[in-house]
Every structure is written in C-alpha cells, then in structure tokens.
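A.B. asks: Predicted model and sequence follow; I will ask about them next.
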Amino acid sequence: MSFWKLKDLMILDLASNSFNGSLPREIGHLKAAIIIDLSGNHISGSIPNTLGALQNLQNLSITNNQLEGSLPESLGNMLSLISLNLSHNYLSGLIPKSLETIRSLQVFDVSSNRLIGEIPSGECFRNFTGKSFINNVALCGDPHSDFYLGYRYFVMHLFGVSKKEQVIDPKLFREEDERFNSHELIPRCVLMIMEVALNCVRESPKERLTISEIVDSLKKIERRYTSFHGQGGTQLKYVDLG
C-alpha cells in the first residue's frame with residue numbers, strides 16, 4: 001500500500017473493510033499520524049516493532065482482526081498514545097511492562113486474545129478495569145482499581161450479582177472431607193478452578209496468586225481428579241469455562 005510512505009498523513013481510517021495480509025514494517029514511516037484505525041478487517045501476522053516509532057500517535061485500533069504473536073516492547077515508545085485497542089485477535093505472550101511508561105494512556109483493551117502472565121501494575125494500569133483484560137488464557141494480578149479489590153467486586157462487575165452463591169451452584173459448597181461419587185467430580189473440579197481464579201483478585205495484592213502458584217494449584221487439581229480413574233470415578237480430561 002503506497003500510503004505507508006505518506007509521512008505527513010495524520011489520520012488513517014481503514015476500519016470495517018476486507019483488508020488482509022500483515023502489517024508492513026513501513027507503518028513506522030507514518031510519523032505524523034495521530035489516529036490509525038484498522039479495526040474490523042482480516043489483518044494477520046504479528047505487530048511490527050516499528051509501530052513504536054509513531055510517537056505522535058494518540059489513537060491506535062486494530063481490534064477484530066487476526067493478529068498473532070506477542071506485543072512488542074516498542075509499543076511503550078508511543079508516549080502520546082491515549083487509546084490502544086487490540087482486542088479480539090489471537091495475540092499471545094505477556095503484556096509489556098514498557099506500556100506503564102505511557103502516562104497519557106486512558107483507554108486500553110486487549111480482551112479476547114491469548115495473553116498470559118501478570119498484568120502490569122504501574123502508572124496508567126491502575127485505572128483500567130477488568131473489561132480491558134477478560135477472555136484471555138491466563139492473565140493474573142493487578143490492576144489496582146476497585147474492580148480487583150476482592151472477588152465480590154469481580155463477581156459484581158462481570159455477572160451483575162454480589163454473592164458467589166449466585167454464580168456457583170450452592171450445592172457445590174460442602175465440606176472438603178465429605179465423600180462424593182463420580183457424578184460430583186466435575187462440578188467440584190469447576191468449583192476449585194473458580195476458587196483459583198478468585199484468589200488472583202484478593203483484596204491485598206500480596207495475597208494474590210503468582211503465575212507459578214496458579215500453575216501449581218491447577219496441577220494439584222488435575223492430580224486429584226484424575227486419580228479417581230480406574231476406581232469407579234470419571235477421569236477429567238477437559239474443562240471449558242468459556
């Protein structure tokens with residue numbers, strides 16, 4: 001596309017079309033751009049690290065595409081950025097901590113991707129709610145907003161209810177040592193997985209699970225429930241909470 005060479009271009013709006021292919025490294029030539037909207041296309045491939053050269057850019061939206069790969073650290077160089085929307089793609093890996101340096105950032109959305117790891121906790125990330133991060137593979141930790149001050153706010157925000165009993169079947173709340181049959185294995189497993197998730201959003205940041213603790217907890221659940229195989233129980237192979 002020849003417009004990648006238009007160094008004086010300030011607004012590039014190609015939203016809701018059928019463009020495909022990957023983003024060229026030449027996108028970094030648009031140094032005068034303040035708005036780039038490529039949402040609602042079929043753009044694939046990775047995000048080029050040359051995007052970090054766009055230090056005048058204020059609004060970048062590439063939502064609803066087919067982007068893959070990780071978020072480049074160079075995104076943290078876009079110090080004028082106010083809004084960044086990369087939701088509904090196939091992005092993986094960590095959220096770069098370099099983004100914490102963008103003090104102007106007011107809107108941030110990476111929901112519905114395949115991201116993992118701890119959410120950055122500094123600077124602008126303190127103002128983002130859970131909507132910015134939902135529907136990823138394994139994000140955990142901050143932000144520090146009221147959304148994350150305990151599971152009650154988590155449940156209220158996502159489900160519109162204030163009690164965990166309204167989200168999880170009250171029949172699942174039984175003593176740990178109570179004997180149960182094979183039909184109860186999967187519900188109990190789901191409950192334990194949800195408890196792991198809720199422990200990621202404890203009121204005190206120091207009490208929240210780290211990634212390694214999450215992995216250990218899930219492995220313990222797997223060992224516990226697959227151990228019933230061959231003993232009249234049901235071997236748990238897959239749980240989908242989507």
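C.D. replies: Happy to help now that I have it.

A.B. asks: got the domain boundaries for this protein?
C.D. replies: Structural domains annotated on the chain: 1-144, 149-242, as defined by automatic domain parsing.

A.B. asks: Format the ones you listed as CSV; extra columns: mean pLDDT and mean neighbour count.
C.D. replies: Where you see a C-beta, it was placed from the backbone N, CA and C, and this is true even at glycine. What follows is these, written out as CSV (pLDDT from 0 to 100; neighbours: other CB atoms under 10 Å):
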stretch, mean pLDDT, mean neighbour count
domain 1-144, 92, 17
domain 149-242, 60, 13
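
A.B. asks: so where do the strands sit in this structure?
C.D. replies: Secondary structure of the chain (DSSP state E): strands at 11-13, 20-22, 35-37, 42-45, 59-61, 66-69, 83-85, 90-93, 107-109, 114-119, 138-141.

A.B. asks: Go through the ones you listed and name the closest to Leu198.
C.D. replies: Of all the strands of the chain, it is strand 138-141 that lies closest to Leu198, at 11.3 Å by CB to CB.

A.B. asks: just how off-centre is the closest one within its chain?
C.D. replies: Averaging C-alpha positions (CA atoms, centre = their mean, to the nearest Å) puts strand 138-141 7 Å from its chain's average.

A.B. asks: just checking, what packs against the longest helix along the chain?
C.D. replies: Criterion DSSP state H: the longest helix present in the chain is helix 211-226. With contacts defined as 3 or more CB pairs under 8 Å, 6 or more residues apart in numbering; DSSP states H and E, the packing partners of helix 211-226 are strand 114-119, strand 138-141, helix 185-198.

A.B. asks: on that earlier part again, and Arg126, which of the strands of the chain is closest to it?
C.D. replies: Nearest to Arg126, of all the strands of the chain, is strand 114-119, at 10.6 Å by CB to CB.

A.B. asks: Parallel or antiparallel, which strands does the closest one pair with?
C.D. replies: Strand pairing for strand 114-119, using DSSP bridges, gives strand 90-93 (parallel), strand 138-141 (parallel).

A.B. asks: Figure out which of those strands is closest to Thr63.
C.D. replies: The closest of these to Thr63 is strand 90-93. By CB to CB, the value is 10.9 Å.

A.B. asks: contact partners of that closest one?
C.D. replies: Contacts with strand 90-93, where a contact means CB atoms under 8 Å, 6 or more residues apart in numbering, come from 47, 66-71, 110, 113-117, 137.

A.B. asks: can you do 10 Å?
C.D. replies: For strand 90-93, contacts defined as CB atoms under 10 Å, 6 or more residues apart in numbering pick out 44, 46-47, 62, 65-72, 110, 112-117, 136-137.

A.B. asks: Please provide the alpha-carbon coordinates for that strand, formatted as CSV.
C.D. replies: This file holds the C-alpha atoms of strand 90-93, laid out as CSV (Å, rounded to 0.1, in the frame of the first residue of the first chain):
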residue,chain,number,x,y,z
TYR,A,90,-5.0,-14.0,18.6
LEU,A,91,-2.2,-12.2,20.4
SER,A,92,-0.2,-14.3,22.8
GLY,A,93,2.6,-13.9,25.4
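
A.B. asks: Appreciated, that's everything.
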